Every structure is written in C-alpha cells, then in structure tokens.
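[1] this is a predicted model, with the sequence first.
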Amino acid sequence: MAVNKVNEDLLRERARYTFNIEELTNFIDGGEEGTRNRREVEDMVIHVKELHDEVPEDYLSHKERYENAVKKGCILIDLLKEHVLRHSSFDAYKPSNMYRVLSMAKEVSPVLLHMGMFVPTIFGQASAEQQEEWLHKALMLEIIGTYAQTELGHGTFLRGLETTATYDPSTEEFVLHSPTLTSYKWWPGGLGQTANHCIVVAQLYSREKCYGVHAFLVQIRDSETHMPLPGIKVGDIGPKLGFQTANNGFLGFDHFRIPRKNMLMRNAQVLKDGRYVKSKSDKLTYGTMMLVRVMIVSDAAYELSRAATIAARYSAVRRQSMPRPGQPEPQILDYVTQQHKVFIAIATSHALRLTGGWLWDAYSSLTHDLDQGNLDQLPELHALACCLKAISSRDSNSLVEQCRMSCGGHGYMSSSNFPTIYGATAATVTYEGEYTVMLLQTARYLMKAWKEALGGIVLTPTVAYMVTYNKAKPAWVNTPEAIIQGFHAVAVGKVKEAADGIEYHQNSGKDYEDAWNAASVMLVKASECYCRAIICETFWKEIQKHSRSMSRNLAVVLQQLSELYLSYWVLERSGDFFQVRTVPLTRTKFEFVSFASPKCHCQMCTGFVAHITSVVVLAVQVSIQNLTLTFCTRKRNEFDIGSC
Ligand SMILES: CCCCCCCC/C=C\C/C=C/C(=O)SCCNC(=O)CCNC(=O)[C@H](O)C(C)(C)COP(=O)(O)OP(=O)(O)OC[C@H]1O[C@@H](n2cnc3c(N)ncnc32)[C@H](O)[C@@H]1OP(=O)(O)O
Ligand SMILES: Cc1cc2nc3c(=O)[nH]c(=O)nc-3n(C[C@H](O)[C@H](O)[C@H](O)COP(=O)(O)OP(=O)(O)OC[C@H]3O[C@@H](n4cnc5c(N)ncnc54)[C@H](O)[C@@H]3O)c2cc1C
C-alpha cells in the first residue's frame with residue numbers, strides 16, 4: 001500500500017521555522033502539562049478505528065448520522081473513564097476537558113449540551129444537597145441532560161418565556177405546563193432523542209404570584225425504556241444549516257408534575273408552604289449563560305485555529321498560475337493576497353485564545369466573589385462576556401469562511417472539513433445570545449459608564465480610560481501602545497456619539513425606549529469598538545507578559561503576530577480613526593496622517609513588517625509590505641508630514 005509521502009513543499013516550509021515548535025505548542029496548550037494531557041487523550045483516540053468513518057457522513061441518512069454520533073460519543077466517554085481510572089492524570093470530568101474529548105469526533109456530539117450546559121448548571125445553580133443527589137450521576141452520564149430555555153416564541157426575551165411552573169403546596173410539587181404552541185421549548189441540544197433529563201427555564205408561580213424565570217431539573221424520559229413520560233411531548237426539530245448531530249429538539253408539557261426539590265435552589269427557594277425566598281440577585285439565574293459565553297470565546301479560537309491550519313497548509317502545497325513565463329507555478333502562499341487572507345486568521349486565533357484565557361480568569365474571580373456574596377463585578381463581567389462572545393464568534397465564523405475561500409474549489413469539498421467547521425461557528429454567532437442582542441447588552445453597560453465618566457466617577461477597569469480621555473492629555477508616540485490608545489479613543493468617541501444620539505432623540509420628543517431604538521445602530525457600533533479595544537489590548541499585553549518567559553525567537557514572532565493584528569484592525573477601522581480627530585476629547589489633536597507606502601520616510605513612520613507563525617506546525621516567514629501601516633499622531637507643525 002502506498003505510504004503517504006509528506007508533500008515536498010510542506011516539508012520545505014516546515015524546515016524554515018525560526019523558533020522551537022514544541023515551545024509554541026506548550027504556549028498554545030497553556031503549558032507542558034496541557035500538552036501532555038492533550039496528547040494523552042489524542043493518543044487514546046487516534047488509534048480507535050471505530051472513530052474513523054468507513055462511509056463519509058454526508059452519505060448517511062439523518063438517522064444514521066445521529067446513530068454514528070451516539071456510537072462515537074459512547075466510545076469517547078468510555079475511553080475517558082478508562083483513562084481516568086488507569087491514570088487519573090487527566091481530570092476527565094471537568095466539563096471543558098470532557099468537551100475537548102467529545103470534540104475529537106468530527107460530528108457534534110448529541111451529549112454536547114449535557115457537558116456544555118446541563119452539568120455546569122448543576123454546578124452553578126443547584127444547592128449543595130441537590131449537587132449531592134445529581135452531580136455524580138450527571139458526571140458519570142447515568143443521567144443525560146440538556147438545557148431547555150428557548151421557546152418557539154422567545155429566545156432573546158427571557159422575561160417573555162411562557163412555560164409555567166406553578167407550585168402546589170398540597171402535594172409539594174410544581175406543575176409544568178406549556179400553555180401555547182409558542183411556549184414549546186425549541187432548539188435544546190440532545191432533546192430530540194438523547195436526553196432523559198433537562199434543565200427547564202420557566203415562569204415560577206406560587207400563591208398566584210409570578211416570580212419570573214427560574215430553573216428546574218426535570219426528568220422527561222423513562223430511565224429504563226427511554227420513552228417520554230406521561231405529559232411530555234418531545235422530538236427532533238429536523239435538519240439545520242449545520243450541527244446536524246447535535247440532536248436539537250422540541251419539548252412540551254401537559255400539566256407535568258415534579259417534586260418541589262427539583263427547583264434549583266442555590267439562589268432562590270420556594271418553601272414547603274409556598275413562600276418564595278428571593279435570591280441576592282435575579283441576575284444569578286442567568287449564570288449558566290454567562291459561563292457558556294465565556295467558554296465560547298476559547299471555543300471560537302479553537303475552531304478558527306483548525307481552519308487557519310488547513311488554509312495555511314493548503315497554501316503551502318497548492319501551486320497555481322505562472323506570473324513569469326517558463327518559470328514553475330508558484331506556491332499560492334507567495335501571493336500577498338493569499339497571505340492577507342490567511343495570516344489574519346492565524347493572528348486572530350491567537351488573539352481570541354489569549355483573550356478567552358483572560359476572560360476565564362476574570363470569570364473565575366467573579367464566581368469566587370459571588371460565593372462570598374460580592375456581586376460588584378457582575379455587571380462588568382456580563383458586559384464583557386456579551387461583547388466578547390459576540391465578536392469572537394462572528395470573527396471566527398467570518399474568518400473560517402475566508403479560509404475556505406482561500407482554498408478555492410477544494411475548500412468547498414466536505415472532505416476539506418470547512419463545511420463542518422463553518423456550520424459549528426455559524427451556530428455560535430446565534431446561540432447563547434444572538435450577536436446584536438449581546439452587543440446591545442454591553443451598550444447598556446457602556447451608557448451607564450459614560451454617564452459616570454462625565455461625572456468623573458472612577459470606573460471599572462475596562463472602561464476606566466473613558467475618564468482619562470476626558471481629562472489627561474496622553475503622550476502619544478508611534479507604537480503598538482499608541483494604536484491601543486487609538487482604539488480607546490475610537491471607543492470613547494463611539495460611546496459619546498451613541499450617548500449624544502440618545503439625547504438628541506429624547507430632545508426631539510422621543511421617550512427613552514424609542515430614543516434607544518433610534519440610536520441602536522450607534523450603540524452596537526460603540527460595543528464593537530469597546531470590544532475590539534479589549535481584544536487588541538489583551539492580545540498585546542498577554543504577549544508582552546508571556547514573552548518574558550519564552551525564547552527570544554518565539555517572542556519575536558508572537559509579538560509580530562500581535563502587531564499584525566493591531567495593524568489589520570486599524571486598516572479595517574480607518575474611518576473611525578479619522579473620525580477620532582474630530583471628537584474634542586482632549587487638547588491633543590489625533591492626526592491620522594496617511595497610509596504610508598513602503599517608500600514613506602517620515603520620522604514617525606514605522607512599517608510593521610510581520611513574520612507570521614502557523615497555528616500548529618507550518619512556519620512561514622513572510623514580510624507583508626502591503627500591510628505596512630503608519631499611524632502617526634502629532635501636533636501640527638511638529639513634523640514634515642509631506643512625505644506621508
Ligand atoms: C468550550 C465549550 C464551549 C461551548 C459549550 C457548549 C455549547 C453548546 C451549544 C449550544 C448551546 C446553546 C444554548 C443556548 O442557546 S441556551 C439559550 C441562550 N439564550 C440566551 O442567551 C438569551 C439571550 N437573551 C438574554 O440573555 C436577554 O436578552 C437578557 C437577559 C440579556 C436581557 O433580557 P431582558 O429581559 O430585556 O433584561 P434586561 O435587558 O432588562 O436586563 C436585565 C438586567 O439583568 C442583567 N443581565 C442580563 N443578563 C445577565 C447575565 N447573563 N448575567 C448578569 N446580568 C445579566 C442586565 O444587564 C440588566 O441589568 P441592569 O442593566 O442592571 O438592569
Ligand atoms: C444551533 C443552535 C443551538 C441552540 N441550542 C440551544 C439550547 O441548547 N438550548 C436553548 O435554550 N436554546 C438553544 N438555542 C436557541 C438560541 O439560544 C436562540 O436562537 C438565540 O437565543 C436567539 O433567539 P431567537 O432564536 O429567538 O432569535 P430572536 O431573538 O428572535 O432574534 C431574531 C432577530 O431579532 C433581533 N432582536 C431580538 N431582540 C432584539 C432587541 N431587543 N433589540 C434589537 N434586536 C433584537 C436579533 O438581533 C435578530 O436579528 C440554539 C440555537 C441554535 C441556532
């Protein structure tokens with residue numbers, strides 16, 4: 001049998017790297033231990049032939065694809081249990097580790113929601129007694145759950161959910177009911193045929209009063225026969241753009257009774273006699289969504305890194321056209337337009353991975369504070385989780401598409417894996433909070449922050465610069481730090497513009513809700529700019545921080561990746577940077593002089609020449625002339641700006 005020979009061009013490109021690949025691998029994995037864990041699991045999985053498809057899944061029926069995904073999920077979970085029992089060096093039962101294992105099968109797992117939301121909700125919203133009863137069963141998959149919140153009629157507007165949970169003190173039970181067709185739960189992953197339990201989010205009624213949405217743990221299928229229990233209507237919602245094996249389903253209740261103890265009672269409670277005990281904050285009910293949004297930022301980075309690797313490798317091996325008659329066809333990687341498509345995908349996967357790690361640390365610190373009863377950081381973290389989830393998933397999905405297009409016709413083949421990756425990232429832009437809705441949530445926070453900034457009130461860390469731009473005059477030089485300050489100035493400009501827009505519409509007679517709606521495009525833009533500033537700053541600072549403990553060769557390349565990312569987004573948002581010049585935020589005029597051609601000689605001009613690393617192996621050293629950018633700030637008459 002022909003041995004697969006590695007392509008000559010790929011070997012040559014790989015031989016050209018200027019840094020230690022293992023060091024980069026450890027950096028991406030979060031350290032040597034992370035690489036060891038990952039490799040242990042990969043080694044477990046890669047040799048299991050049942051995990052490799054004899055027939056491409058695209059040729060299977062909907063039912064066969066689902067059964068194939070269930071089979072693979074069972075194999076992966078059994079491998080994990082055996083591995084933990086044998087080595088116990090890998091904390092298999094951390095949802096993120098379990099998620100990592102499940103994602104090694106090409107198909108989205110029908111138990112993804114079990115690990116991604118059902119288990120985390122028990123962690124985050126069940127009382128200690130309830131965790132005692134359900135957590136181990138869930139971790140050992142003795143019960144398989146999902147998270148049923150969205151309904152046919154409502155996904156975004158949670159306060160509009162129609163499913164009811166009415167407390168009956170005579171039997172100490174809640175009666176779950178779907179009063180309308182639009183109240184049917186619609187979308188929950190695993191609900192179609194897989195889950196026998198679920199977290200149900202419903203309007204809680206007790207003593208004829210509504211207390212708003214709360215979470216309940218509900219068994220929906222018989223543990224022995226797996227048939228729906230009496231009063232439960234459940235099934236598959238059918239084919240979708242992607243995520244075909246996520247087994248998304250629908251669920252309706254017909255006066256279905258559950259014990260009082262099945263209300264998740266970490267935060268709020270209903271006592272036996274029906275008295276309602278309020279939680280410290282209604283917002284704690286939304287805790288699982290915040291956790292998943294935080295996880296999605298890292299997931300977006302992971303999916304994009306897969307696509308960028310495929311595109312980078314293909315760009316090394318594909319030869320096309322003949323710019324010079326009689327010469328061999330060049331690798332498409334040598335076309336600057338190809339570099340411009342692929343390298344920003346590589347840089348962005350690193351930017352989102354590091355930002356996701358930073359956000360996870362902030363979330364971990366918040367959960368510790370919440371356990372101590374301190375909710376101070378909750379509003380800022382909610383705003384961060386919303387905009388970073390929105391922007392990371394949107395950037396990831398659009399760059400996955402860009403990577404596909406960079407591979408020409410072969411990128412359109414199922415066997416390229418782009419369709420699967422695209423389908424997964426497209427879903428993420430919508431689920432766990434739709435893109436626009438999330439940015440508007442962040443805008444709520446920014447409008448409050450702006451009012452405080454105008455009053456000179458000290459703000460929380462990620463918006464503190466708003467006060468600065470109203471007072472101090474930043475000393476500006478032409479460095480990446482200056483670009484980051486430029487993004488801060490753009491964000492402040494957009495926040496001010498949106499706040500002024502609301503005020504303008506109110507002054508013209510609109511009430512606040514209509515004024516908000518009229519200014520909502522500007523509000524979304526303000527959130528986008530606030531979020532971009534966070535990603536740029538976090539990426540740059542994380543690289544600076546890690547560079548101190550890594551070899552110089554790797555530090556240089558990663559630093560240039562972050563410079564590429566900054567340069568790319570200044571180019572993408574050049575109009576906003578020009579606009580900054582007109583917003584009287586400080587006494588210093590920010591002049592965005594020009595985009596320098598390589599010949600520019602202005603003292604302040606620095607061309608950013610970027611050397612790029614592949615996400616995994618392929619190292620390509622390319623200087624990107626056309627991304628040379630000059631960002632100069634100066635007071636008038638200080639420099640000869642003619643050369644720009
Ligand atoms: C590595 C693994 C990664 C993947 C893991 C598994 C993935 C599995 C795949 C798919 C799963 C998908 C699951 C789902 O989609 S579950 C359903 C998700 N649904 C949503 O996200 C709904 C989105 N909508 C909202 O969240 C709501 O719009 C709202 C709650 C944000 C706002 O609604 P509204 O009723 O209008 O309330 P207000 O705007 O008035 O806000 C009220 C108040 O509460 C604050 N707040 C809102 N949400 C939160 C929160 N999550 N945390 C903290 N605080 C919150 C909000 O800021 C307001 O506060 P105020 O300004 O002080 O008044
Ligand atoms: C693949 C996939 C898996 C999912 N898995 C689950 C799951 O497991 N469990 C679960 O509970 N849900 C799940 N969902 C549902 C998901 O959470 C919802 O689709 C999402 O919250 C959006 O709500 P919606 O579909 O009602 O869209 P809508 O909210 O109706 O959005 C439609 C449009 O209206 C706009 N819009 C809505 N509200 C506003 C507003 N206030 N201001 C401005 N514009 C607005 C939106 O921006 C959007 O453009 C899943 C969805 C998908 C696609």
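    Perfect, I can see it now. Source: prediction; values computed, not measured. Numbering: from 1, shown residues only. Ligands and ions are numbered 1, 2, ... in the order given.
[2] in this protein, which residue sits nearest ligand 2?
    Gly155 (2.2 Å; CB to the nearest ligand atom). Every C-beta, even on glycine, is put in place using the N, C-alpha and C of the backbone.
[3] give me the neighbour count for that residue.
    As a burial measure, Gly155 scores 18 neighbours (other CB atoms under 10 Å).
[4] please apply the same query to Ile344.
    So Ile344, with other CB under 10 Å, has 26 neighbours.
[5] beyond the host helix or strand of it, next helix or strand please.
    Using DSSP states H and E, Ile344 sits within helix 336-371. Using DSSP H and E, the helix or strand that follows helix 336-371 towards the C-terminus is helix 378-405.
[6] buried residues, the very next helix or strand once past that next one. List them.
    Later in the chain than helix 378-405, the nearest helix or strand by DSSP H and E is helix 418-430. Neighbour counts over helix 418-430 (16 or more other CB atoms under 10 Å) mark Phe418, Pro419, Thr420, Ile421, Tyr422, Gly423, Ala424, Thr425, Ala426, Ala427, Thr428, Val429 as buried.
[7] up against ligand 1, what does the stretch 151-300 of the chain have?
    Counting by CB under 6 Å from any ligand atom, the stretch 151-300 of the chain comes close to ligand 1 at 155-159, 189, 283, 286, 289-290, 292, 295-296, 298-299.
[8] again, but for the chain
    So the chain meets ligand 1 at 96, 99, 112-113, 116-117, 147, 149-150, 155-159, 189, 283, 286, 289-290, 292, 295-296, 298-299, 378-379, 382, 431-433, 437, 441, 444 (CB under 6 Å from any ligand atom).
[9] can I have the buried ones of these as a PyMOL selection?
    Selection of the buried residues among the residues of the chain next to ligand 1 in PyMOL, burial being defined by 16+ other CB under 10 Å:
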select buried, resi 99+112+113+116+117+147+149+150+155+158+189+286+289+290+292+295+296+298+299+378+382+431+432+433+441+444
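[10] tell me which element Arg444 falls in.
    Here Arg444 is assigned to helix 435-454, by DSSP H and E.
[11] and if you look at Leu76?
    Leu76 belongs to helix 62-87, assigned by DSSP H and E.
[12] same question, Val495
    Judged by DSSP H and E, Val495 forms part of helix 480-507.
[13] how about the following helix or strand past that helix as PDB, C-alpha atoms only?
    Per DSSP H and E, the first helix or strand lying C-terminal to helix 480-507 is helix 512-518. Output in PDB follows, covering the C-alpha atoms of helix 512-518 (Å, rounded to 0.1, in the frame of the first residue of the first chain):
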ATOM      1  CA  TYR A 512     -36.100  56.700  26.300                       C
ATOM      2  CA  GLU A 513     -37.100  53.400  24.700                       C
ATOM      3  CA  ASP A 514     -37.700  54.900  21.300                       C
ATOM      4  CA  ALA A 515     -34.600  57.100  21.600                       C
ATOM      5  CA  TRP A 516     -32.600  53.900  22.400                       C
ATOM      6  CA  ASN A 517     -34.000  52.200  19.400                       C
ATOM      7  CA  ALA A 518     -33.300  55.100  17.100                       C
END
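[14] elements contacting helix 512-518?
    Counting contacts by 3 or more CB pairs under 8 Å, 6 or more residues apart in numbering; DSSP states H and E, helix 512-518 packs against helix 480-507.
[15] so how far is the helix it packs on from its chain's centroid?
    Centre-to-centre, helix 480-507 and its host chain are 24 Å apart (CA atoms, centre = their mean, to the nearest Å).
[16] that helix to helix 435-454, inter-axis angle?
    90 degrees (axes from the mean of the first three to the mean of the last three CA atoms, to 10 degrees).
[17] now for helix 480-507, which elements pack on it?
    Checking 3+ CB pairs under 8 Å, 6+ apart, helix 480-507 ends up next to helix 435-454, helix 465-468, helix 512-518, helix 520-547, helix 552-572, helix 574-580.
[18] can you list these in CSV and add distance to Gly34?
    Shown next, in CSV, are the helices and strands packed on helix 480-507 (distance: least, CB to CB, whole Å):
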stretch, distance to Gly34
helix 435-454, 29
helix 465-468, 33
helix 512-518, 44
helix 520-547, 14
helix 552-572, 16
helix 574-580, 37
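[19] as TSV, these with distance to ligand 2 and mean pLDDT would be great.
    Formatted as TSV, the helices and strands packed on helix 480-507 follow (distance: least, CB to the nearest ligand atom, whole Å; pLDDT from 0 to 100):
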stretch	distance to ligand 2	mean pLDDT
helix 435-454	3	96
helix 465-468	24	82
helix 512-518	8	98
helix 520-547	6	97
helix 552-572	22	95
helix 574-580	22	85
